[in-house]
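Undergrad: kindly generate the corresponding structure for this input.
(one chain, ligands or ions: 1)
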Amino acid sequence: MKTGKNLMQKYQLLSLQRYFYRSQQEVRHHRKVEKLESECSDLHQRLAHAKSQKKSTSQSQAPKSMVEQYSQVLDELEHARLVCPNVDPPDLPRVIVVGDQSSGKTSVLEAVARARIFPRGGGQMMTRSPVKVTIADGPRHIASFPDQPDKYYRLDDEEHLKQLRSQIEHRMARACHGGLTISSEVVPINVEGPGLRRMVLVDLPGLICTETAGIRPGTAAEILNLAREQMDFPNAIILCVQDGSVDAERSQVTNYVREADPTGERTLLVLTKVDKAVADPVRLKQILDGKLFPLRALGYFAVVTGNENKDASIAEIRKSENQFFQQSPLLNSGILQPDQLGTNNLCDAVSKLFWHIVKNSLSGELQKLKEQLFILESEWKAQYRHRRELDRDQTFGRVKEQLFDRMVLMKNLDPGQFENDLKAKLWETIESYFLHEVYLAAEDSAKSKEEFKAISDLRLRKFSNQELPNQSLEAVRALLIARFAELVLPELSNEANAEHTTLYQKISNDVQREFDGYFKSNKTARASELRVIQQSTIENRFINSKIEWQSAADRLKITLHNDVEKRWAHVWDAAGPVWYQQYWNWTARTKDQHEWDRIKRVLQILPMDTQSKLTKDQLAKARFDIQKFFSIEATEADIDDVWRDLYPTRWIAALEKNAAHCRGSFQKYKDGKVSCESSRLQCEDVMLWWRMDRALEMSAANLRQFMLTEGVDTLANELQNSLDNLSENDIVELIKGRQVELAEELKYIRKIHGLLHELNRMLNQVYGQ
Ligand SMILES: Nc1nc2c(ncn2[C@@H]2O[C@H](COP(=O)(O)OP(=O)(O)OP(=O)(O)O)[C@@H](O)[C@H]2O)c(=O)[nH]1
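TA: This next block holds a predicted model:
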């Protein structure tokens, strides 16, 4: 009844394990499908984008394709920053939006991007880290983050806008980790839409003079440093935002802008909230004529980029700006110039200045890139002249191909050879246990051939019931993993492969871990199958071949011989160096070693049938002899100690002799004519080893069959999975070394140089040389 219950539980456990393994495989399969789906949707998007770009490019004039080119350079630079951190990137123009807190910087940026993309607050500090907005002309009005290019937010959908704002807020908060009020970590975002002027704007936290409650001490200085750092880029265009509704005396930003750009050749002043400043038209005119603030600028603009309703849409804001300027007496009376008013004029001016600076800075940046290229090419020639220039992707592709090519070797493993190797591995795994726990244990306690047969049978059955199947499975697992490492993974000591050691290590670990998992989930079922085969083979005592008999006797003899060698080595070790070793190495025996050696000499001459435990008489005689021959007072405990090591060595050496004798006694054994005098066990021990050998032979045949099919297929799948699951970041982390980094740097600099060169050509076509 109990056995039935146990069987039931075993069966349930087995099905659970199978179910677990199947679910693991399903999860992996799902992951693959998801990955393929996302790749597919990415390809669809790219195709749609490419089609629309093609269409719009064909309709557009030269400047449009020029900005496309510029955007591509920016994308490449963004990528280059990730994969080649050592490259000195060209300093391409960007528009820096600076101003005092709540002066309306973000509103200006939103007016340029034509969408209310930023989080809003009631007067408190909203911009907590620089936000870099790359604005592009595109068919759809959308925004996305460079690290999630597949996820985009539609800017004409209020729900999407809400999500985008909270995402920006979340990213700003994340940048301000560790309790910071502001951070210099840039939050990048891409915006594209029909008719947008392509440029790169960076919105900065507003300058503050008072650190109110909740703001970390030192924040004011940090914001100022951040703004100065950005304004100091020689190609940065400074969009100095000034709140028109506050007194000029209260403004701090204009002083800092003047310091960064004293000649005003890359500064534009934007006066916001003019709808609140109409009461003092003279002051307004002074500002827009550049006479009130202590700075110089290329242009002065007045805009209305917000109103009392903080949730107004961009369309409503643009409408109220148009209405305001159209109806404004300031314009009608000629106090203000029309080209200084409104967001459209501002955008045109920023865009014009932006491209002007792009054009002026390009030849210098191209020259710098050329110099970098020359230095890197010289380094390549000096270090890797005879190697092909393979970048990271190409290197990874090559590694992948080599691995898959070598996997074929696994599939073509010679079955006969593998079976032999497996049998050898099985012997290697179980030999020690079988020798000590089965054979020697039975031999030690048996007094006759019959007793030996009974005890060894019992121990063999116990072994084959538990340890043997599990150890056999472990042996085959280890053998297959070892073959995988030898045949598939390249030799890491080879200098050419040493660069990718971490990659191969990771692949090896991944494959091994997953293969172990697969093995574990199948282990119980496999072990039961194997147990049946092993137990039925072990029961067989019908030996018909002399060769098999001899080979079993040889194995017994060799195993015993190796064991005796080890034991003698230990005995000699305990006795210390012999006379010639003492002579060569200038060493001497210690007192204990000396005594051990003397006791050993006396015990060595005891008759071969002396038992493992010395009798009182034998001990007394030994003490007497030691005293007589060597004048040493040995205790009974000392003598017992030496005998404990000496006895099994002599006894196993005698068994080895027996095995040699039995080797030629096949026919006598069959005829039942092995005499007690020549072998106490009458060669029953050779039979025991033959039975074990047969069991391992059958196990090897069984395991070989499924290992060379299912096992190798599983390894191939795991190899494929491990390589497929590596992300771009993993590949950057795993394929390192100066050679690949240099190849990457060369690739990117050449690419960026090519793109900038083309951009330069376009600019020259549009604006002339
Ligand atoms: N009436 C009016 N309000 C405006 C105008 N421009 C901006 N505002 C309002 O002024 C407030 C501050 O504007 P923001 O654009 O957030 O100012 P900011 O400089 O980016 O603020 P911080 O990033 O926190 O320094 C918001 O409530 C806007 O709606 C404008 O032209 N007219």
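Undergrad: whichever residue of the stretch 451-600 of the chain sits closest to the ligand - nearest residue in space that isn't next to it in sequence?
TA: Proximity of the stretch 451-600 of the chain to the ligand (Cβ to the nearest ligand atom) peaks at Thr502, 44.0 Å away. Quick note: C-beta positions are derived from backbone N, CA and C, even for glycine. Closest residue to Thr502 apart from its sequence neighbours, by Cβ to Cβ, 6 or more residues apart in numbering: Leu734 at 5.3 Å.
Undergrad: what number of residues lie near the one you found?
TA: 19 (other Cβ atoms under 10 Å).
Undergrad: sorry, back to before: show me the contacts for the residue of the stretch 451-600 of the chain closest to the ligand.
TA: Thr502 is in contact with Glu733, Leu734, Lys736, counting by Cβ atoms under 8 Å, 6 or more residues apart in numbering.
Undergrad: after the helix or strand it falls within, next one along is what?
TA: Using DSSP states H and E, Thr502 falls within helix 501-539. Using DSSP H and E, the helix or strand that follows helix 501-539 in sequence is helix 546-575.
Undergrad: show me what that next one is packed against.
TA: Here helix 546-575 touches helix 591-604, helix 636-663, helix 666-670, helix 684-706, going by 3 or more Cβ pairs under 8 Å, 6 or more residues apart in numbering; DSSP states H and E.
Undergrad: swap the cut-off to 7 Å and go again
TA: Contact analysis of helix 546-575 by 3 or more Cβ pairs under 7 Å, 6 or more residues apart in numbering; DSSP states H and E lists helix 591-604, helix 636-663, helix 684-706 as its packing neighbours.
Undergrad: dump the shortest one to CSV, restricted to CA.
TA: What that stands for is helix 591-604. C-alpha atoms of helix 591-604 as CSV (Å, rounded to 0.1, in the frame of the first residue of the first chain):
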residue,chain,number,x,y,z
LYS,A,591,62.4,11.8,14.9
ASP,A,592,58.8,10.7,14.2
GLN,A,593,59.6,9.7,10.6
HIS,A,594,62.6,7.7,11.8
GLU,A,595,60.5,5.9,14.4
TRP,A,596,57.7,5.3,11.9
ASP,A,597,60.2,3.7,9.4
ARG,A,598,61.6,1.4,12.1
ILE,A,599,58.2,0.2,13.2
LYS,A,600,57.2,-0.4,9.5
ARG,A,601,60.3,-2.5,8.9
VAL,A,602,59.4,-4.8,11.8
LEU,A,603,55.7,-5.0,10.9
GLN,A,604,56.5,-5.7,7.2
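Undergrad: what sits up against that helix?
TA: 571, 574-576, 589, 622, 625-626, 630, 632, 634, 638-639, 642-643, 646 (Cβ atoms under 7 Å, 6 or more residues apart in numbering).
Undergrad: rounded mean pLDDT for stretch 674-690, please.
TA: Per-region confidence: stretch 674-690 scores 81 on mean pLDDT.
Undergrad: thinking again about what came up before, from the contacts of Thr502, which is closest to Val532?
TA: Leu734 (44.9 Å; Cβ to Cβ).
Undergrad: show me the contacts for that closest one.
TA: Leu734 touches Thr502, Leu503, Lys506, counting by Cβ under 7 Å, 6+ apart.
Undergrad: again with Ile639
TA: With Cβ under 7 Å, 6+ apart, Ile639 has these contacts: Ile599, Leu614, Leu619, Ala622, Arg623.
Undergrad: want to throw those residues into CSV with distance to Gln367?
TA: What follows is the contacts of Ile639, written out as CSV (distance: Cβ to Cβ, whole Å):
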residue, distance to Gln367
Ile599, 90
Leu614, 96
Leu619, 98
Ala622, 97
Arg623, 98
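Undergrad: show the buried residues in these.
TA: Ile599, Leu614, Leu619, Ala622, Arg623 (16 or more other Cβ atoms under 10 Å).
Undergrad: quick check: angle from the helix holding Thr502 to helix 684-706?
TA: 130 degrees (axes from the mean of the first three to the mean of the last three Cα atoms, to 10 degrees).
Undergrad: what separation do you get for Tyr647 and Ala701?
TA: Using Cβ to Cβ, to the nearest Å, Tyr647 is found at 40 Å from Ala701.
Undergrad: whoops, I mixed them up, Glu728
TA: For Glu728 relative to Ala701 (Cβ to Cβ), the value is 46 Å.
Undergrad: same question, Trp355
TA: Taken as Cβ to Cβ, the span from Trp355 to Ala701 is 78 Å.
Undergrad: please apply the same query to Leu763.
TA: Leu763 sits 76 Å away from Ala701, going by Cβ to Cβ.
Undergrad: how about His436?
TA: 27 Å.
Undergrad: so which strand or helix has the residue lying farthest from the centre of the chain?
TA: Note on the chain: the largest C-alpha distance from the chain mean falls to Lys628, namely 72.9 Å (Cα atoms, centre = their mean). Assigned by DSSP H and E, Lys628 falls within helix 616-630.
Undergrad: now, among the contacts of Thr502, which is nearest to Gln550?
TA: Of all the contacts of Thr502, Leu734 has the smallest distance to Gln550: 53.2 Å, by Cβ to Cβ.
Undergrad: ramachandran angles for the closest one?
TA: Dihedral angles of Leu734 (phi, psi; degrees, to the nearest 10) stand at phi -90, psi -30.
Undergrad: Gln69 touches Leu759, doesn't it?
TA: Yes: taking contacts as Cβ atoms under 7 Å, Gln69 lies within contact range of Leu759: 4.6 Å.
Undergrad: where does the stretch 251-400 of the chain get nearest to the ligand, residue-wise?
TA: Here the stretch 251-400 of the chain gets closest to the ligand at one residue, Gly306, 2.7 Å apart by Cβ to the nearest ligand atom.
Undergrad: tell me the confidence at that residue?
TA: 88.
Undergrad: that one belongs to a helix?
TA: No: applying DSSP: H, G, I helix; E, B strand; the rest coil, one finds Gly306 to be coil, outside a helix.
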